[in-house]
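Colleague: what shape does this take:
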Amino acid sequence: QVQLVESGGGLVQAGGSLRLSCAASGRIFSMGWFRQAPGKEREFLAAIRWTTGSTSYADSVKGRFTISRDNAKNTVYLQMNNLKPEDTAVYYCAQRLGGTVYYSVNSYDYWGQGTQVTVSS
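Modeller: Model (predicted):
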């Protein structure tokens, strides 16, 4: 049974930083981070290919967020800098077993429980 365990959310002031972690299990092809604000659809943020480390980002977070992984720990991270109030959302990690579309919710096979990130102004 694949489990994704997230940690690292919390309350931070605008301009601050947070690092999210997600411990995965089983076979990993790619990992991604998404977020969902109240009343909005789940939004792609970043993805990383497990073997190559190749990364992809949504334009909304490019230059502020960085996705990385620790293969030995089967853990993916999302470093978030210069946070803004509009970054407030529940953040999810997700695990993909294959395929080529990294930005779609439907491409991911397993999801974490979500962690709340709140950015105050």
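Colleague: how about the helix or strand of the chain with the lowest mean pLDDT: buried residues?
Modeller: In the chain, the helix or strand scored least confidently by mean pLDDT, DSSP states H and E is strand 5-7, which has a mean of 93. Buried positions in strand 5-7, judged by neighbour count with 16 or more other CB atoms under 10 Å: Glu6. In this view, the C-beta of every residue, glycine as well, is placed from N, C-alpha and C.
Colleague: and the contacts of it?
Modeller: Strand 5-7 has contacts (CB atoms under 8 Å, 6 or more residues apart in numbering) with 20-23, 91-93, 112-115.
Colleague: from those, which ones fall inside strands?
Modeller: Members of those lying in strands (criterion: DSSP state E): 20-23, 91-93, 115.
Colleague: in the sheet, who's paired with the most centrally placed residue in the chain?
Modeller: Geometric centre of the chain, nearest residue: Trp33, 2.1 Å, by CA atoms, centre = their mean. Using DSSP bridges, the bridge partners assigned to Trp33 are Ala46, Cys93.
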